[in-house]
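[1] I would like to see how this sequence folds:
(2 chains)
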Amino acid sequence: MIKKKSKKKQAVEAPIIFAKTIGDNIDNVDTMTTSVDRDSLFYRDENILIDVHNVEMKYRMPSEKIDNFKEYCIKLVKGQLHYKTFEALKGVDLQVRRGESLALVGRNGAGKSTLLRIIAGIIEPTSGYVRTRGNMVPLLKLGAGFDYNATGRENVFLNGAMLGFSHKEMQKKYDSIVEFAELENFMNVPLKNYSSGMMSRLGFAIAVDVNPDVLLIDEILSVGDALFQQKCAAKIDELRANGTTFIVVSHAMSQVLRLCQKAVYIKDGKIIQSGTAQEITKMYNEDCAKIAREQAALKAIQDALKD
Amino acid sequence: MSANRKSPIKTKANALQFKKSMVVLGSMVKRNIKNQYRRSVLGIFWTVLNPLLNMLVMWFVFDKIFGRTSSTLFYPVYILSGNIAFTFMRTATTMSLTCMVENYDLLTKTRVPYSVFPISKNLSAMVNLGFSVIALIILMLACIPQGVKFYWTMFMMPVPWLPALFMFSLGMSFALSAIYVRFRDIHHLYTVFLTLWMYATPIFYSLDTLQLGDTARKIMQLNPMYYFVEYLRELLLGVVPSAQMHLICYGIGFATLLLGYVIFRASRKKFILYI
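    Just a heads-up that it's a prediction; the model follows:
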């Protein structure tokens, strides 16, 4: 959407999208003033693309999943409706500046994907806020919103619409998308007849052709065969050279190192360390190795006890 | 100080978001319509044929088997007009009922405003309604020898009749889609309820021929669909509906939409947890 020529102008006018502003701590004067300072900093500094402030996410989970009215009534009468709160994020604070790609690193269930979804504005945090600037494309799942009954061609336009592009705008991009996905012969075939590789290629081609300011990626970079992966990598390098900022969730440390300068290590819903990608990946690898060693040791003890 | 700086940018962001929602809405409606008749031989003609065939069945059953009931309009036109009003509401709400759960992928993986889903289903139903009206006009043309007449009041169908019905149906859709996320068995209840509702609405009979007592009649008139159906028939008879009728229809429309949207907004945050 942003052409190179008008980039400067666009940057100044880039819209600010308010994800959430909750003044939960109104009685606490200290936090008030700091957050006002942050506000004005965010508005003054055009280079801050994402400002995550003290974000907390609590899920209230029923101990059993109840999804129908009958059971709900029965449990209500019996007094068996129990909920436990699960804190996915506990006060996360981060800022991402233009051109400064960030990786979210951590073990499964640490809250990385939740944080990414909050940044994307898909879910609202329980408290705290996220402010973003510029055109942000969440790529959390390739081909989210594909319609399997429609043809490839129709899906390109449909998916484009989800990303905010009109039919006309997508028409300009259409040829390059098809070419990139290498699906010239399949565009009039319904999507249900596609192989999974073809589907993800199409999804990826649409997403990268949009040329966003910020691209949010959740472990979707291993798409297609080796040749296509090379092409993806080249495209991503090109985007990065054009100034796209990446926020990446990945377990492949090589990808993190390739894509990002900075990284944060998330553990149990908190950022426990932030720094350069090298530092964080090293720390993460060491942690994983340590846990693996501990588990191996524990198993050895258990085995020994059994005998 | 900062409030002054925020507002223009925020408006602009909202405008952008609005444009985006409109694009999504348009393409979703197109997709709904296309999917409905994809790979059927007669394609979009089904949308015109369907209400006509339905009307024929009803006309056969109620006129030929149960015997003629007197009605203000020519009987086939009477049935079809009642039927298209009710069918619009029924299609829109049943499609909306499951729409949040169906679009799980979009809800959890992309940023699309939630209200787009029920609205798109209602708009799709409205397009179908348009085709049904074509069917109605065809029927009326065919029945001119039987004494069916066209009146200028038919132009009052797009406005002010349709917006009131649309608001009512959209309000229902908002509420139902939000409740369905939480309680999936609503689906069964609502299907049964719709059957009851259809028989309680004077589609193939009229309240005057039922010879009801005063209380029974009043109870029948509690049904919101009764007013929308009667309004449409008055237009076909060349009668301009009374101010009271307008007041009732728009009152019902506004109240339902407001209530439905409040329910939808209130449960919005929980969607992602229950889907």
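[2] contacts and neighbour counts: CA atoms only from here.
    Will do.
[3] Low-confidence bits of the stretch 151-300 of chain A, can you list those?
    A:220-224 (pLDDT under 70).
[4] so how far is residue A:287 from residue A:107?
    10 Å (CA to CA, to the nearest Å).
[5] Not including adjacent chain positions, what is the nearest residue to residue 75?
    By default, I'm working from chain A. Of all residues not flanking residue A:75 in the chain, residue A:81 sits nearest, at 5.7 Å (CA to CA, 6 or more residues apart in numbering or on different chains).
[6] wait, chain B
    Residue B:75's closest residue in space is residue B:59 (CA to CA, 6+ apart), at 7.6 Å.
[7] host element of that neighbour?
    Residue B:59 belongs to helix B:45-59 when assigned by DSSP states H and E.
[8] Now tell me what touches that helix from outside.
    Outside helix B:45-59, the residues within contact range by CA atoms under 8 Å, 6 or more residues apart in numbering or on different chains are B:37, B:75-76, B:79-80, B:83-84, B:128, B:131-132, B:134-136, B:139, B:204.
[9] Of those, which one scores lowest on pLDDT?
    The member of the contacts of helix B:45-59 with the lowest pLDDT is residue B:37, at 72.
[10] Three-state assignment for the closest residue to that residue other than its chain neighbours, please.
    Spatial nearest neighbour of residue B:37, chain neighbours left out: residue B:43 (5.2 Å); criterion: CA to CA, 6+ apart. Following DSSP: H, G, I helix; E, B strand; the rest coil, we place residue B:43 in the coil state.
[11] In the stretch 51-200 of chain B, what residue comes closest to chain A?
    residue B:183 (4.0 Å; CA to the nearest CA).
[12] Who are the contact partners of that residue?
    A:67, A:68, A:69.
[13] ok, and of those, which contact chain B?
    For chain B, the contacts drawn from the contacts of residue B:183 by CA under 8 Å from any CA of the partner chain are A:67, A:68, A:69.
[14] Read off the pLDDT value for the closest residue to the second one other than its chain neighbours.
    Among residues not flanking residue A:68 along the chain, residue B:183 sits closest, at 4.0 Å (CA to CA, 6+ apart). Per-residue confidence (pLDDT) for residue B:183: 88.
[15] roughly how far apart are residue B:183 and residue A:69?
    From residue B:183 to residue A:69 the distance is 5 Å (CA to CA).
[16] related to what we said a few turns ago, for the residue nearest to residue B:37, the count of nearby residues, please.
    When neighbours are defined as other CA atoms under 10 Å in any protein chain shown, residue B:43 has 12 of them.
[17] measure residue A:296 to residue A:302 for me?
    10 Å.
[18] Ok, residue A:208 next?
    50 Å.
[19] Which one's more surrounded, these two?
    residue A:208 (18 against 11).
[20] Got the phi and psi for that one?
    In terms of degrees, to the nearest 10, the main-chain angles of residue A:208 are phi -80, psi -20.
[21] The residue nearest to residue B:75 and residue B:67: what is the separation?
    10 Å.
[22] Find the nearest non-adjacent residue to residue A:140, please.
    In space, residue A:140 is closest to residue A:218, 4.9 Å off (CA to CA, 6+ apart).
[23] ok, that neighbour touching residue A:141?
    Yes. Shown here, residue A:218 and residue A:141 form a contact pair, counting by CA atoms under 8 Å, at 7.2 Å.
[24] how near is residue B:128 to residue B:33?
    8 Å.
[25] Tell me which of the two has more neighbours.
    residue B:128 (22 against 19).
[26] angle of the helix or strand containing that one against helix B:45-59?
    Assessed by DSSP H and E, residue B:128 sits inside helix B:116-142. Helix B:116-142 and helix B:45-59 are oriented at 60 degrees to each other (axes from the mean of the first three to the mean of the last three CA atoms, to 10 degrees).
[27] Name the residues of chain B found near chain A, please.
    So chain B meets chain A at B:2, B:9-10, B:12-14, B:19-21, B:23-24, B:27-28, B:35, B:103, B:105-112, B:181-186, B:269, B:272-274 (CA under 8 Å from any CA).
[28] Please pick the buried ones from those.
    Buried members of the residues of chain B next to chain A, counted by 16 or more other CA atoms under 10 Å in any protein chain shown: B:9, B:12-14, B:20-21, B:23-24, B:27-28, B:106-112, B:181-186, B:272.
[29] So which of the residues you listed sit within helices?
    Using DSSP state H, the subset of these located in helices is B:9, B:12-14, B:20-21, B:23-24, B:27-28, B:106-109, B:181-182, B:186, B:272.
[30] Which two among the contacts of helix B:45-59 are spaced furthest apart?
    For the contacts of helix B:45-59, the farthest-apart pair by CA to CA is B:37 and B:75; their separation is 29.4 Å.
[31] ok, those two, which is more surrounded?
    residue B:75 (19 against 15).
[32] In the stretch 51-200 of chain A, which residue sits closest to chain B?
    Counting by CA to the nearest CA, the stretch 51-200 of chain A gets nearest to chain B through residue A:68 (4.0 Å).
[33] count of residues packed around that residue?
    So residue A:68, with other CA under 10 Å, has 17 neighbours.
[34] Pretty sure it sits against residue B:184.
    Yes. If you go by CA under 8 Å, residue A:68 and residue B:184 touch, sitting 4.9 Å apart.
[35] and residue B:215, how many neighbours?
    Counted with other CA under 10 Å, residue B:215 comes out at 9.
[36] quick revisit: which pLDDT value goes with the residue nearest to residue A:75?
    pLDDT, residue A:81: 73.
[37] repeat for residue A:64
    67.
[38] Touching stretch B:232-241 from outside, list them.
    Contacts for stretch B:232-241 (CA under 8 Å, 6+ apart): B:73, B:78, B:81-82, B:85, B:150-154, B:156-157, B:161, B:231.
[39] Quick check: buried residues in it?
    In stretch B:232-241, counting by 16+ other CA under 10 Å, buried: B:232, B:233, B:234, B:235, B:236, B:237, B:241.
[40] and the angle for the strand or helix carrying the second one with helix B:116-142?
    Secondary structure assignment for residue B:233, by DSSP H and E: helix B:224-236. Interaxial angle of helix B:224-236 relative to helix B:116-142 (the same axes, to 10 degrees): 40 degrees.
[41] Looking at helix B:224-236 now, give me its mean pLDDT.
    For helix B:224-236, the per-residue pLDDT averages 95.
[42] C-terminal to it, what's the next element?
    Counting by DSSP H and E, what follows helix B:224-236 is helix B:243-267.
[43] Name the residues of that next one that come out as buried.
    Buried, per 16+ other CA under 10 Å, within helix B:243-267: B:246, B:248-250, B:252-254, B:256-258, B:260-261, B:263-265, B:267.
[44] And the furthest pair within the residues you listed?
    Maximum distance among the buried residues of helix B:243-267 (CA to CA): 31.6 Å, for B:246 and B:267.
[45] So residue A:57 sits against residue A:129, correct?
    No. Look at residue A:57 against residue A:129 with CA under 8 Å: they stay out of range, at 10.7 Å.
[46] which bits of chain A sit near chain B?
    So chain A meets chain B at A:15-18, A:39-40, A:59, A:67-70, A:117, A:120-124, A:138-141, A:144-145, A:149-150, A:157-158, A:161-166 (CA under 8 Å from any CA).
[47] Mind doing that once more with 6 Å?
    By CA under 6 Å from any CA of the partner chain, the residues of chain A that approach chain B are A:15, A:17, A:67-69, A:122, A:140, A:144-145, A:161-162, A:164, A:166.
[48] ok, those residues vs residue B:226, which is closest?
    When the residues of chain A next to chain B are compared against residue B:226 (criterion: CA to CA), the nearest one is residue A:69, at 29.2 Å.
[49] and that closest one, how far is that from residue B:186?
    Residue A:69 is 7 Å from residue B:186, by CA to CA.
[50] again with residue A:97
    47 Å.
[51] which ones are touching the residue nearest the centre of chain B?
    In chain B, the residue lying closest to the centroid (CA atoms, centre = their mean) is residue B:89, at 2.7 Å. By CA atoms under 6 Å, 6 or more residues apart in numbering or on different chains, the contact set of residue B:89 is residue B:169.
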